[in-house]
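Student: Dropping the sequence and predicted coords here.
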Amino acid sequence: MPPRLSKRQQREQEELEALAGPSRVEETSDQSDESPTSLKSTTITKGAVGFAALIGDEYDEDEQAKKKKKKGPVTPTSGSPQATAGSAKKRPKSEQDASKSKSKSKPKVDEEEDIDKILAELSGKYSNVSIGNPHTHKPTSLSAYDVFHDLLSVSVKNLDPETELRRFFGSKVITSPPPGAGSRSSRSNLARPQPAWPPAHYRAGLSMRPLTSDEILLKGSGVSPDTKERWWKFEASPRYKATTYEYLQYVMGGDPQLFYNLMHEMPWHADTLLQMAEVYRHREDYSTAADFMSRALFAYERAFTGAFNFTSGVHRLDFDHVENRVFSLALARTIVDLNRRGTPQTAFEFARLSYSLDPHTDPHGALLHLDSLAIKAKKTDWLLGLWDAFENTAIGRDGAARFDVTLLPGWHWSRALALFEREGESDKDHAQSTEALKDAIAVFPSIAPLLADKLDIVMPSELRNLNAFRVMTGYSPHEDDLPTSLVHLLSHIYVIRSASLWKSPPRFRWLSKCLTSLSSSDVLNSTPPPALARFRTLFHTQSNLSDAIYRHVITTAPLTLEFRRLTAFFPGDIKHRAEENIEGDPLPPSTVKTIYCNGYFLNVNHRSGLSGVPRQIGDPEALRELQALWEGIPALAARFPGGVPEIGAMARQFPQELLNVMVDILGRDPNAAPPQEPENMEGRMPGGEQVLAVDNAAEQVHERMPDEALVIGQDAVIEQEEREQEERERGQEQEQEEQQFLPLRIFRSLLDRLWGGPGNDGDESDSDELEEAGGSGPDDVD
């Protein structure tokens, strides 16, 4: 006896039988009274997918339960499937046969036309829902771009590093809560919210919108013929931009405490969080740095819209906008940190996510991570599938300026290693992988000597002496062209990351055998390989593609000394561009549309930008005076490059130290008596009186003759006049010094008015001097 079906299963079975074919549909007089609405609702229930199907089933059950409570037992109508089934059971067999023969005798053409018409209307109304014709079952072939999108789709369950660590060490060692624990507002796919984090607000300053058709057309050659791509950009609110303005001021100041103060005002400002991560990374506190990076990703994830499905592989972020670049930088640094922590599976998923957001220019070089991470994470099928997608389809040759994996040195060598792993131990000859490895050596021989030196493999001297196997350690504009320099730079990147993959005994023996079996004739060709020729064409001049390689090195260089040495491959203009930009936006693209500049902060309330001054003090006039003082004194601007916010932060925390600094810059403290330092201190007291000289003169008067008294009296008058002249000159110098100390007095007065600084309370002279300088006294403040 078959098991009894539940109500839901019975309803689904009846709907499937009703849609299976016109011969299964029983037309009665009651069915003619059904409205098109009921037909549409039936079809929608059939075509619902995902959460819509679950919600629809629960809704139907709830509605039926409510009706049963209110109206009692529900009697099935004559047109419902239950009534049809019930009547079929109660009626005698002769009547059932008669009804079947009657239904078969009716024409089927009208039924098919009605169903096709309804399906056409629903497909037009619900274009995103796939509704197929139940009468036709034609297999649809995926296009090359569909395969490409499938390769770029991200697995959400593999984005949690704690899950991967639990697989390695067990749940008893890794006792962190499972993902999604906590309140609904703290759930995340890109981060693991911690209890110590500040309360999460929905889209705190950030929002998201799709690019318009005109904006997409402006991208020019950066857009491929892929019609399923969707381009997006993040947008910042005016308050968020004001916080960014303060952040830039603090970056110039160089005091990490300023970033703490800024986080208290806006705890989910991504630029500040990434800067704090760098501060802790310099201190080698990698766990705290990773926490700040996770908070930055969480801040951006809160701004995602429902239409932006980052796991589908079809949604892109325009790297020309600065808000998108900050999110890409957070992903890039997260990949580096996950690789350092030894979680290749999670690092692979984040790298695939970074690549899927802009597979054209790959702004942070995610492909330079994926060639090694795919082997470490045992994703060899994915690596070979992406290679085949570029090699055997038109994706790499669709006219769009994009990275092609078949042109990257590391991918050639990783493909050979992936084929070797797929062949396994069953294939003793490894013919296909050996052929791929020899091809990789012939196309990009610059990797061979670097890898051989890492693994202590002795290469034949015949190969070592060839120019193609020389080792370059930097870029020389007089000897090397740009493509050659980039080939060697990419070779160094691959060997640094992937040398450990070749140390296992089977791989080591296979590589040694292949290198020793080569001769110079196998490498030297009269014409360069096609892949190398295409590489030189793609990178013949600097572009966003070459900038992505340099940006990749800049992002990774702080962690290892080997990557810091790779900056020797940077041309002079790239070094200059990298030095003049902040760490939060390394090497903006040449096609940049927005950047942190005066135009970006055009409509921002700059008073908010002066939040180094306490916000609760409503004295805009005093703030403008302090800003003018900072701009008018070059020494003050050089000492406080962060501007008024930096001065304000120091005034709140260290007012006396700030006053000492201002004394050193603007002059001596006017309240202290200026010391007198005569040129000749012989016979003088600190006050300046010539006591010894006067005593000697008195003795000489007594010894002199009476006829010399007149002369001495005349000399005394002359000396008196000289002393008076000196006093007048000293008074003028003191007035000049006091005038020189006027900026310091003004600054002390501002400290008193804004922060209650260490100046004298109720000093009327400060207010008078401030008024003489054109400012307003404390009584003028509203």
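Tutor: Alright, I've got the coordinates. Residues are numbered from 1 along each chain as shown.
Student: helix, strand or coil for the spatially closest residue to residue 248 that is not a sequence neighbour?
Tutor: What sits nearest to residue 248 in space, not counting adjacent residues and going by Cβ to Cβ, 6 or more residues apart in numbering, is residue 596, at 6.0 Å. All C-beta atoms are positioned from the backbone trio N, CA, C, and that covers glycine. What DSSP: H, G, I helix; E, B strand; the rest coil gives for residue 596 is coil.
Student: Okay, now the unreliable bits of the stretch 551-700 of the chain?
Tutor: Counting by pLDDT under 70, the stretch 551-700 of the chain has low-confidence residues at 606-625, 642-646, 648-659, 663, 666-700.
Student: how many other residues sit next to the residue nearest to residue 248?
Tutor: 20 (other Cβ atoms under 10 Å).
Student: By residue count, tell me the biggest strand in the chain.
Tutor: When the chain is scanned for its longest strand (criterion: DSSP state E), the result is strand 230-236.
Student: List the buried residues in the helix or strand immediately after that one in the chain.
Tutor: Counting by DSSP states H and E, the next helix or strand C-terminal to strand 230-236 is helix 238-253. By 16 or more other Cβ atoms under 10 Å, the buried positions in helix 238-253 come out as 239-251, 253.
Student: ok, those residues vs residue 571, which is closest?
Tutor: residue 251 (25.7 Å; Cβ to Cβ).
Student: isn't that closest one right next to residue 274, touching?
Tutor: No: applying Cβ atoms under 8 Å, one finds residue 251 not in contact with residue 274, separated by 11.1 Å.
Student: Overlap of the contact sets of those two?
Tutor: In terms of Cβ atoms under 8 Å, 6 or more residues apart in numbering, residue 251 and residue 274 are both contacted by the residues residue 584.
Student: picking that back up, let me know the average pLDDT across the longest strand of the chain.
Tutor: Mean per-residue pLDDT for strand 230-236: 94.
Student: List the strands paired with that strand, with their directions.
Tutor: Here strand 230-236 is paired, per DSSP bridges, with strand 206-210 (antiparallel), strand 315-317 (parallel).
Student: where does this protein have its least confident helix or strand?
Tutor: helix 36-47 (a mean of 39; mean pLDDT, DSSP states H and E).
Student: ok, so what distance separates residue 164 from residue 341?
Tutor: Separation of residue 164 from residue 341 (Cβ to Cβ, to the nearest Å): 9 Å.
Student: burial measure for residue 199, as a count.
Tutor: For residue 199, the neighbour count with other Cβ under 10 Å is 10.
Student: Likewise for residue 265?
Tutor: Close neighbours of residue 265, defined as other Cβ under 10 Å, add up to 15.
Student: Please apply the same query to residue 415.
Tutor: By other Cβ under 10 Å, neighbour count at residue 415 equals 26.
Student: So it lies in a helix, does it not?
Tutor: Yes: counting by three-state DSSP, one finds residue 415 located in a helix.
Student: Dihedrals phi and psi, the residue lying closest to it once chain neighbours are set aside?
Tutor: Excluding the flanking residues, the one nearest residue 415 by Cβ to Cβ, 6+ apart is residue 387, at 5.4 Å. Phi and psi for residue 387, reported as degrees, to the nearest 10, are phi -60, psi -50.
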